[in-house]
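Chemist: With the input below, show me the fold.
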Amino acid sequence: MSIRDIIRRSGRSIRSAKGRTILTALAIAVGTFALTLTLAASNGATAFVDKVIKDNFDPSELFVAADEGLFGQGDSDKPREFDASFGTSTSNAGASRQIKRVTQQDIDKIKAVEGVESVREQIVISARYITREGEKKYVATIAAYNPVQKPELLSGSLDSFDGKKIILPEGYLQDLGFDSSQAAIGKTVTIVVPKALTPEELRAQLVSGSLPTDAEQLAKATENNSESVDFVIAAVSKKPITVQPGTELYIYMPRDEAKALNDITTLGTANYQKYNFVLAKVSGGNNDDKLKATQQRIKDLGFQVRSVEETQEFLTNIIGVLQGIVAGFGLIAIIASVFGIINTMYISVLQRTREIGLMKALGMRNRDIGRLFRFEAGWIGFLGGFIGSISAVVIGIAINPWITKQLDLGAGNDLLIFKPAQIAGLVLALIIISVLAGWLPSRKAAKLDPIEALRTE
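Modeler: Residues are numbered from 1 along each chain as shown. As a prediction, the model looks like this:
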């Protein structure tokens with residue numbers, strides 16, 4: 001009997017027991033539904049991370065740090081030997097800790113490494129506030145503009161983005177008294193940054209007894225110990241979608257200006273001209289071999305180095321772990337449905353004992369009998385996979401706009417991305433699993449004695 005005939009006959013057999021077939025297939029569909037959505041969510045999250053990386057980082061740059069703890073390495077529970085380059089860093093939780101920072105001498109060493117084209121400092125400044133004449137004061141975070149970034153501008157231009165100019169986030173417009181983004185272009189705002197007291201100034205205040213002792217005095221002293229710098233708004237950026245979390249309201253300015261402000265806030269402190277990490281641009285860094293070779297040379301100098309690709313892999317690995325947990329529940333449902341297939345096929349063998357005996361009496365071989373029941377199990381797997389995956393695709397496409405709106409992902413950034421090849425592979429895997437699940441019942445059918453089978457009531 002040909003394979004085609006066996007497949008057609010097995011299809012007719014499962015149609016003759018529609019209720020049992022559909023219930024068993026639905027058990028498989030539940031697991032398939034969960035797995036299909038999990039794969040789609042993983043695709044969407046990975047695509048979003050890829051876009052964030054692409055829109056914010058240059059793949060030919062390397063992150064270089066002096067403190068191994070910044071890249072999640074090292075022993076954080078053991079005392080560390082003091083280093084003159086130590087500075088303080090404040091975490092998101094507000095806790096301060098000492099970390100080994102990249103100094104100007106370190107930057108000179110990195111620049112001298114073969115393959116390094118340039119080095120730029122990663123500068124982020126917590127300004128006291130930003131304001132303009134007649135308006136309130138608002139807290140602000142300043143960052144050096146990275147030419148790789150491609151902010152979507154509401155107004156203005158970055159064609160000659162140098163000197164005392166800034167990119168103002170859309171979120172500040174109304175609060176600073178602008179009626180529109182266009183009205184802000186060319187206007188002047190004032191950024192006030194704190195100046196650190198030098199040890200000599202602090203000692204003088206202690207000796208003279210002029211050190212602030214209450215909140216009012218402290219506020220006045222802090223105001224007096226600040227520096228105001230005027231900047232012109234060159235462009236207004238639209239509320240970003242694919243940015244690093246927490247940087248949505250960063251005010252960007254040319255690197256030289258950001259460095260000057262950073263020097264004002266750190267002069268006389270342990271953080272002066274020291275940076276958590278710097279970015280080294282590799283000449284021909286799009287070539288993976290050149291990038292890795294230069295990365296190793298910098299590592300050999302004792303620095304901690306991570307490429308953009310490694311950072312991307314780290315993020316996607318986290319996503320993969322979370323998706324794997326969800327996928328585990330889908331796999332449990334599929335495993336449970338395997339026993340349902342075995343039970344269904346065993347019942348089918350028992351109910352069709354006389355039919356099996358008749359087929360054998362008419363010359364059908366044991367091998368073909370076994371194939372018949374395995375193909376029937378495969379049909380059930382196909383139906384379950386098809387129902388589950390199609391349901392997931394239909395529901396996923398329907399709720400994608402709602403998810404995008406709720407998560408504020410922006411147009412064109414769907415969380416659920418369905419890939420036909422993945423779905424086809426999943427359905428094929430379910431067919432194979434179902435065929436394997438039908439193996440034991442098929443063996444029982446193949447081994448039935450035709451005479452005894454025909455005598456069965």
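Chemist: buried sites along stretch 276-292?
Modeler: Under the neighbour-count criterion of 16 or more other CB atoms under 10 Å, stretch 276-292 has 276-282, 285, 291 buried. Glycine gets a C-beta too; all of them are placed from N, C-alpha and C.
Chemist: okay if I get these as TSV plus secondary structure, distance to Gly320 and pLDDT?
Modeler: Shown next, in TSV, are these (DSSP: H, G, I helix; E, B strand; the rest coil; distance: CB to CB, whole Å; pLDDT from 0 to 100):
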residue	secondary structure	distance to Gly320	pLDDT
Asn276	coil	27	88
Phe277	strand	25	88
Val278	strand	30	92
Leu279	strand	26	91
Ala280	strand	28	92
Lys281	strand	29	91
Val282	strand	28	91
Gly285	coil	26	73
Leu291	helix	24	90
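Chemist: and the helix or strand where Ala34 lies, what does it pack onto?
Modeler: Using DSSP states H and E, Ala34 sits in helix 18-56. Contacts defined by 3 or more CB pairs under 8 Å, 6 or more residues apart in numbering; DSSP states H and E place helix 18-56 against helix 308-351, helix 366-407, helix 420-437.
Chemist: can we see that at 10 Å?
Modeler: helix 3-15, helix 308-351, helix 366-407, helix 420-437 (3 or more CB pairs under 10 Å, 6 or more residues apart in numbering; DSSP states H and E).
Chemist: got the angle between it and helix 420-437?
Modeler: Orientation check (axes from the mean of the first three to the mean of the last three CA atoms, to 10 degrees): helix 18-56 against helix 420-437 gives 140 degrees.
Chemist: Rounded mean pLDDT for helix 18-56, please.
Modeler: In this model, helix 18-56 has a mean pLDDT of 82.
Chemist: And the next helix or strand past it?
Modeler: Helix 18-56 is succeeded, C-terminally, by strand 61-65 (DSSP H and E).
Chemist: same for that following strand, what does it pack against?
Modeler: Other helices and strands packing on strand 61-65, by 3+ CB pairs under 10 Å, 6+ apart, are helix 104-111, strand 116-121, strand 277-282, helix 288-300, strand 304-307, helix 308-351.
Chemist: rewinding a little: so can I have a markdown table of the helices and strands packed on helix 18-56 showing distance to Phe57?
Modeler: Output for the helices and strands packed on helix 18-56, formatted as a markdown table (distance: least, CB to CB, whole Å):
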| stretch | distance to Phe57 |
| --- | --- |
| helix 3-15 | 52 |
| helix 308-351 | 5 |
| helix 366-407 | 22 |
| helix 420-437 | 28 |
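Chemist: can the ones you listed go into CSV with extra columns for mean neighbour count?
Modeler: As requested, these are exported to CSV (neighbours: other CB atoms under 10 Å):
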stretch, mean neighbour count
helix 3-15, 14
helix 308-351, 16
helix 366-407, 20
helix 420-437, 18
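Chemist: Minimum distance to Val64: which of the ones you listed has it?
Modeler: helix 308-351 (12.3 Å; CB to CB).
Chemist: pretty sure Phe314 is touching Phe71, no?
Modeler: Yes - contact status for Phe314 versus Phe71: in contact at 9.0 Å, counting by CB atoms under 10 Å.
Chemist: Nearest the middle, which residue of this protein would you pick?
Modeler: Nearest to the geometric centre of the chain sits Val49, at 4.1 Å (CA atoms, centre = their mean).
Chemist: which one of the buried residues of stretch 276-292 is nearest Gly19?
Modeler: Leu291 (60.7 Å).
Chemist: quick one on the thing from earlier: relative to Asp175, which of the helices and strands packed on helix 18-56 is closest?
Modeler: Comparing the helices and strands packed on helix 18-56 under CB to CB, the one sitting nearest is helix 366-407, at 24.7 Å.
Chemist: taking the mean pLDDT, what do you get for that closest one?
Modeler: 86.
Chemist: quick revisit: just the closest of the buried residues of stretch 276-292 to Tyr145, please.
Modeler: Once CB to CB is applied, the member of the buried residues of stretch 276-292 that ends up nearest Tyr145 is Leu279, at 13.0 Å.
Chemist: Could you verify my assumption that the closest one touches Gln122?
Modeler: Yes - using CB under 10 Å, Leu279 is in contact with Gln122, at 6.3 Å.
Chemist: which residues are common contacts for those two?
Modeler: Common contacts of Leu279 and Gln122, defined by CB atoms under 10 Å, 6 or more residues apart in numbering, comprise 63-64, 146.
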